[in-house]
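K.L.:
I would like the atomic coordinates for the input below:
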Amino acid sequence: WLPKKDVMYAKTTESPMVLWDERDDFEGTTAYGIDEMRADGIYHFERANLFSNQMVFKYNTFDADTSDFELKNEDQNSGEFALQTKNVKSHVDYTERFASFKSNGKTEPIFFPANKYLCYMDVFKWYMDNGIIEMSSSESTEVEADVKLEGSKFISTHPNQDSLFFFSPVAQYDSRKHRIAAKRVAFIYSGDARIYPDSGDVTLRRDARMDLLKNSRIITNSITEFHEVYEANTQIKGRKDYVSSGKIDYVDETGLVQTIYMYSIVVDDAGQTMGKGSISDTANFALSPFFAFDGGVKLFGSKQFLVFDGVAQINHECTSLEKRWIDFESEIDPNNIFIPLDSNLRDSSGAFIATGVNLNVDSIFLYPGFLTKRQNYSDIQVVQALGLLHYDKASKEYRIGAKDKIVEQSLAGNYLSLSTEACKV
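P.N.:
Below you'll find the predicted structure:
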């Protein structure tokens, strides 16, 4: 005791001090003055520790201008902490049963070891009785040109997630269930995509497991923004890996919207989004008013248009010419459709398809074919047009040939056309 300063010093040795709650205690040195008690040491809560050399104890509260804080795991024998942070200003209120913390200057990381995540929230509040922690951040970060995201950066520390991250200005942590509920998350980068959670909610659990993002949106890729998948169920596995399924719209040249279900969306080894979808036989799907389609659809984040893999059929009213379904696989521009045709062109049944002038070897006569079945298997194509199939709206013709030849008929090369008005090849 120092009488002149009217201060009494006390230091714990074998037993800690119990101040407000018999479940909590203090280890260290106290200086008891006229108005307050100052302390330097460790304050032990039932499930937490607060370290500071600047504690000020009052009637039912205490403060620390600079402190470190760690919250113990529910299983205290595991040696694992639920939360850890440093260099925060602390205020503890035993009447209201909470402790609030605010970062001092540069925001220090808050670690969630059980969740294998960290964040940089500058303010958080711990409720002692239920273990809930409310966190907030007023920061904003520019992640792209003219794109700023509000809140703290949450970063996965899981070794297999390649530092997956997102931003959230408000979050709640249930330290007993080890659940982080982040709010107002704008989007998350994964693979080559931006993934938008429905209502901005993201939930993290033990070992960096993120809950399925139901009704999410996917923009791929994040630079070109060629494709948007919506009503998606997305499981983000890491910075370079996610799986999903959802819907994408195909808009034809007339503005007609047709929805395609992508049953599988993954990230390939190059970090590119790849999707697979299928079109039902009964969907009456059309690439345009001039081309019907049935089969599969592929999405590539790096390609501007969807890739169609199936069979197409031209649309005309020429009764003398049968309409066959022809196999192809190609990226399709809805506003300028060109369908590739090869020399081994077959229909959906495997029959050879004619695209030119054919010789009937039995009766020795010539006949034209425009995506029609040969009259006989042994018939010979005398003149064949190959390359691309296109519909020219100005002339109302289907045309087959090289792309340059289709646009300009005066160029050299084989060329075949079908007038949908005169029904002439």
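K.L.:
Count the residues that sit near the residue lying closest to residue 311 once chain neighbours are set aside.
P.N.:
Residue nearest to residue 311 in three dimensions, not counting chain neighbours: residue 325, with 3.9 Å by Cβ to Cβ, 6 or more residues apart in numbering. Quick note: C-beta positions are derived from backbone N, CA and C, even for glycine. Other residues within reach of residue 325 by the criterion other Cβ atoms under 10 Å amount to 19.
K.L.:
I figured residue 325 hits residue 345, correct?
P.N.:
No - with contact defined as Cβ atoms under 8 Å, residue 325 does not reach residue 345; the gap is 11.5 Å.
K.L.:
Which stretches in the stretch 251-400 of the chain count as strands?
P.N.:
All strands of the stretch 251-400 of the chain, identified by DSSP state E, counting those that start in this stretch, fall at 257-267, 273-278, 286-288, 291-300, 307-314, 326-331, 339-341, 353-360, 365-373, 380-384, 387-392, 397-401.
K.L.:
go on, the stretch 1-150 of the chain?
P.N.:
8-11, 25-32, 37-44, 48-57, 61-72, 81-93, 98-103, 110-112, 117-119, 123-127, 132-136, 140-144, 147-150.
K.L.:
Would you confirm that residue 191 contacts residue 267?
P.N.:
Yes - the pair residue 191 / residue 267 is scored as a contact, 3.7 Å apart, by Cβ under 8 Å.
K.L.:
Mutual contacts of the two, please.
P.N.:
240-242, 273 (Cβ atoms under 8 Å, 6 or more residues apart in numbering).
K.L.:
what helix or strand is the residue nearest the centre of the chain on?
P.N.:
Note on the chain: the residue nearest the mean C-alpha position is residue 195, at 2.8 Å, using Cα atoms, centre = their mean. Using DSSP states H and E, residue 195 maps to strand 193-196.
K.L.:
chain center to that strand, what's the gap?
P.N.:
4 Å (Cα atoms, centre = their mean, to the nearest Å).
K.L.:
And that strand, what does it pack against?
P.N.:
strand 188-190, strand 213-220, strand 241-251 (3 or more Cβ pairs under 8 Å, 6 or more residues apart in numbering; DSSP states H and E).
K.L.:
Just name the most buried of those.
P.N.:
strand 188-190 (a mean of 24; mean count of other Cβ atoms under 10 Å).
K.L.:
Touching it from outside, list them.
P.N.:
164-166, 194-195, 197, 202, 222, 236-242, 267.
K.L.:
10 Å - rerun?
P.N.:
143-144, 154, 161-162, 164-167, 194-197, 202, 210, 213, 216, 218, 220, 222, 234-244, 267, 271, 273 (Cβ atoms under 10 Å, 6 or more residues apart in numbering).
K.L.:
show me the contacts for the closest residue to residue 333 other than its chain neighbours.
P.N.:
Of all residues not flanking residue 333 in the chain, residue 305 sits nearest, at 5.3 Å (Cβ to Cβ, 6+ apart). By Cβ under 10 Å, 6+ apart, the contact set of residue 305 is 226-227, 250, 299, 330-336.
K.L.:
Just give me the closest of these to residue 60.
P.N.:
residue 227 (58.4 Å; Cβ to Cβ).
K.L.:
give the contact list for that closest one.
P.N.:
193, 218-221, 248-249, 262, 265, 273, 275, 299-301, 303-306.
K.L.:
Residue 35 too?
P.N.:
Residue 35 touches 56, 58, counting by Cβ under 10 Å, 6+ apart.
K.L.:
remind me which residues of the stretch 1-150 of the chain are low pLDDT?
P.N.:
1-5, 75-79, 142-148 (pLDDT under 70).
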